[in-house]
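Peer 1: Need a 3D model of the following:
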Amino acid sequence: MDFYSYWGKARTNDLDGPAYHPLVYHSLDVAAVGTVLLHRDKLMKQRLVTKTGVEETSLLPLLTFFLAAHDLGKFAEGFQNLRPDLFKDLQGRGSKKDYSVRHDSLGNLLWRDLIWRTGWKDRWFRFADGDLYDWQEMVFPCMQAVTGHHGTPPRAEFHGIKLSLDNHFDAGAKEAAISFIREVASLTLGQTFSSLAYDERFDLVFKRASWLLSGLAILSDWIGSDTSYFPYRTDVMPLSEYWVKHALSQAEVAVQASGVLPPQPCRRTGMNALFPEIEEPSPLQEYVSSCQLSSGPQLFILEEATGSGKTEAALTIAHRLMAAGLAEGIFMALPTMATANAMYERLEGAYQRMYDGTEPASLVLAHSRRHLSARFQESIGLERQARDQNYTRDDETASSHCATWLADNRKKALLAAVGIGTVDQALLAVLPVRHQSLRLLGLGRSVLIVDEVHAYDPYMHTLLRNLLRFHAAQGGSAVLLSATLPRKTRQELAASFAHALGSSPFSLEKTDYPLATQVSWASAAEVPIESRSNTDRSVIIEMIHEEAAIEERLRLALRSGQCACWIRNTVDDAVNAYRRLAEDLGD
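Peer 2: Numbering: from 1, shown residues only. Presented below is the predicted three-dimensional model:
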């Protein structure tokens, strides 16, 4: 069957223009977007090269090939019959086949059970050495990552029954899919396979890299499905011609307009650069402006009193990491929606100083009720009305520039230059939810800043430790802020981050306060910091062990006109204490 006879995208019948976009064209659109993203996002490209150990000249064609195969499952008869009119027009016959299994799982099935073996036998996929089973340990995780681009991993079973190729793909569909992949291999790979030598580490490193590849596939599919940049066209041309004249050229424009490319950070760093209005930085702020940075992912834990300027300190160290090429943006995770809203308004006037102004930088709010934030809604409205206006870096009317595509939902908001949200938006990246790999991709490009770390219960603490593991494994850096952090908690968070880097076990010992802790692959340092002069407090503590003595102390305080607060552990304790005191003191 001719592979042009399969639709990939279709419009409703009441709209003008071509009724469909061929599957093979859409596949190349998405592959082109991924190719442009990898060439334009240097940090993402560098991390994939570093993680896999494969040279850029071999890796990028390989990833382009995988992305072009992301929608293989749409060759299935059940999928094509979702539009019986198009099925009949394109293939000249009708069908009663139902679409019972999603095309992501079907695409992985088609690759695993047919195309991979066929390509190996017919020598499309011939490497410098190794056998079919060696190389599929590298190839299969990547294909699972790209075919699972709708947010969940592909499945091998349906209702407990193993998927069967013949139940979903007729002979014509199999032939068309094989022909398409053969041409894509010729178009994208060239001599890549034959020059790539097998490495026994590929099994592990490509499984780890597949998390990033999965996020890239989701992002590429979203951008590559935008008909504003990839209009439907049904004229038949060689795939090589479509790739060069249409897919790649349109992908350049679409990626640039999407708002996901990282703007260039300003090279001038430190407190004075970001917060010139602060004339006298605190000791903590002075420390983060000048401390030595490591060359790879690193974790900072900053412990200081409330009101000491921890937020400005965190942004300063995050900006320094960006300027050093270790990150492209920031995501700030706050404990509540109210604190996230407040932080969004607080950063509107300052965040653009982090970037050099050559490209607009987006500031996006990410939580479940952000539609109630007037400031965020205003920023989206401003951007829609003034997209074509030129704004300078310090123009306050553009200070909350927010690409509407990024503002569309919270998953994509993590791709903004600066994202602010509740901590759950970050923690979802390590939970089994749809599109969590896209969250990981977005967070991995950013410095993760988590405020009020002491405020989370054991469940949230465990999730945060897992997030730090994933974040460090992707090459991300993090800054944790707290006013009161137990040493055990600090040790666990630091150890989780360091473990993902392959660091040797270490013990954090210092109990100084304030304290800055820095963890990298090579070392863990604890640096005592002087207190800010106006944050010193003296608190007198007296231990009382009998409830009767406490109640007597409260009676004396209240009778003398003072105020008092007694915090009880249970409702019953509180009710009983109130009743006893009210008998003597009245309601």
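Peer 1: So for residue 283, what's the nearest residue that isn't a sequence neighbour?
Peer 2: residue 530 (4.1 Å; CB to CB, 6 or more residues apart in numbering). From N, CA and C alone the C-beta is placed, and that goes for glycine too.
Peer 1: My error: substitute residue 503 in the last question.
Peer 2: The shortest distance from residue 503 to any non-neighbouring residue, by CB to CB, 6+ apart, is to residue 521 (5.4 Å).
Peer 1: List the residues that contact the one you found.
Peer 2: Applying CB atoms under 8 Å, 6 or more residues apart in numbering to residue 521 gives the contacts 294, 296-297, 498, 501-503.
Peer 1: Which pair of those residues spans the longest distance?
Peer 2: The span of those, defined through CB to CB, is set by 294 and 502 at 13.9 Å.
Peer 1: Those two: which has the busier surroundings?
Peer 2: Remark: of residue 294 and residue 502, residue 294 carries more neighbours, 18 against 9, as counted by other CB atoms under 10 Å.
Peer 1: wait, is that one part of a helix?
Peer 2: No: under DSSP: H, G, I helix; E, B strand; the rest coil, residue 294 falls outside any helix and is assigned coil.
Peer 1: how close does the residue nearest to it when sequence neighbours are not counted sit to residue 79?
Peer 2: Leaving aside its sequence neighbours, residue 294 sits nearest to residue 520 (CB to CB, 6+ apart; 3.7 Å). According to CB to CB, to the nearest Å, residue 520 and residue 79 sit 48 Å apart.
Peer 1: Over to residue 288?
Peer 2: 53 Å.
Peer 1: Looking at these two, which one has more neighbours?
Peer 2: A count of neighbours by other CB under 10 Å puts residue 288 above the other of residue 288 and residue 79, at 29 against 25.
Peer 1: Leaving out sequence neighbours, find the closest residue to the more buried one.
Peer 2: residue 317 (4.2 Å).
Peer 1: okay but the one you found is in contact with residue 300, surely?
Peer 2: Yes: counting by CB atoms under 8 Å, residue 300 is a contact partner of residue 317 at 5.7 Å.
Peer 1: Overlap of the contact sets of these two?
Peer 2: The contact lists of residue 317 and residue 300 share 288, 479, where a contact means CB under 8 Å, 6+ apart.
Peer 1: Please, where are all the strands along the protein?
Peer 2: Remark: strands assigned in the chain by DSSP state E are 7-10, 20-22, 157-158, 161-162, 299-303, 329-334, 363-366, 418-422, 446-450, 478-482, 515-519, 524-528.
Peer 1: Next one, pLDDT for residue 509 please.
Peer 2: Note on residue 509: pLDDT of 91.
Peer 1: For it, the count of nearby residues, please.
Peer 2: Applying other CB under 10 Å, we find 8 residues neighbouring residue 509.
Peer 1: which phi and psi does it have?
Peer 2: The phi/psi pair for residue 509 (degrees, to the nearest 10) reads phi -120, psi -30.
Peer 1: Would you enumerate the residues in contact with the residue lying closest to it once chain neighbours are set aside?
Peer 2: Counting by CB to CB, 6+ apart, residue 509 lies nearest to residue 526, which is 7.2 Å off, once chain neighbours are set aside. Applying CB under 8 Å, 6+ apart to residue 526 gives the contacts 508-510, 512, 515-517.
Peer 1: What residues are bridge-paired with residue 526?
Peer 2: Bridge pairing for residue 526 (DSSP bridges) gives the partners residue 517.
Peer 1: For it, give its distance to residue 419.
Peer 2: 30 Å.
Peer 1: Residue 182 versus residue 28, what's the distance?
Peer 2: Looking at residue 28 against residue 182, where the rule is CB to CB, the gap reads 14 Å.
Peer 1: Which of these two has more residues huddled nearby?
Peer 2: residue 28 (30 against 16).
Peer 1: what's the burial count for the nearest residue to that one once chain neighbours are set aside?
Peer 2: Once flanking residues are discounted, residue 28 sits nearest to residue 247: 4.3 Å by CB to CB, 6+ apart. A total of 25 residues lie near residue 247 under the criterion other CB under 10 Å.
Peer 1: quick one: contacts for residue 247?
Peer 2: Residue 247 makes contacts with 25, 28-29, 31-32, 230, as judged by CB under 8 Å, 6+ apart.
Peer 1: quick revisit: could you dump the strands of the chain to CSV with mean pLDDT and distance to residue 89?
Peer 2: Formatted as CSV, those follow (pLDDT from 0 to 100; distance: least, CB to CB, whole Å):
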stretch, mean pLDDT, distance to residue 89
strand 7-10, 92, 9
strand 20-22, 94, 9
strand 157-158, 80, 29
strand 161-162, 88, 33
strand 299-303, 97, 58
strand 329-334, 92, 46
strand 363-366, 80, 42
strand 418-422, 88, 45
strand 446-450, 96, 47
strand 478-482, 97, 54
strand 515-519, 97, 61
strand 524-528, 95, 65
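Peer 1: Of those, which is nearest residue 113?
Peer 2: Residue 113 lies closest to strand 161-162 among the strands of the chain, at 10.4 Å (CB to CB).
Peer 1: low-confidence ranges in the stretch 251-400 of the chain?
Peer 2: Scanning the stretch 251-400 of the chain with the threshold set as pLDDT under 70 gives 367-400.
Peer 1: And the nearest residue to residue 22 once chain neighbours are set aside, how far from residue 233?
Peer 2: Of all residues not flanking residue 22 in the chain, residue 4 sits nearest, at 5.5 Å (CB to CB, 6+ apart). Distance, residue 4 to residue 233, using CB to CB: 11 Å.
Peer 1: what's the answer for residue 242, then?
Peer 2: Residue 242 is 9 Å from residue 233, where distance means CB to CB.
Peer 1: And the two? Which one has more around it.
Peer 2: Of the pair residue 242 and residue 233, residue 242 is the one with more neighbours under other CB under 10 Å, namely 21 against 15.
Peer 1: Perfect, I'm done here.
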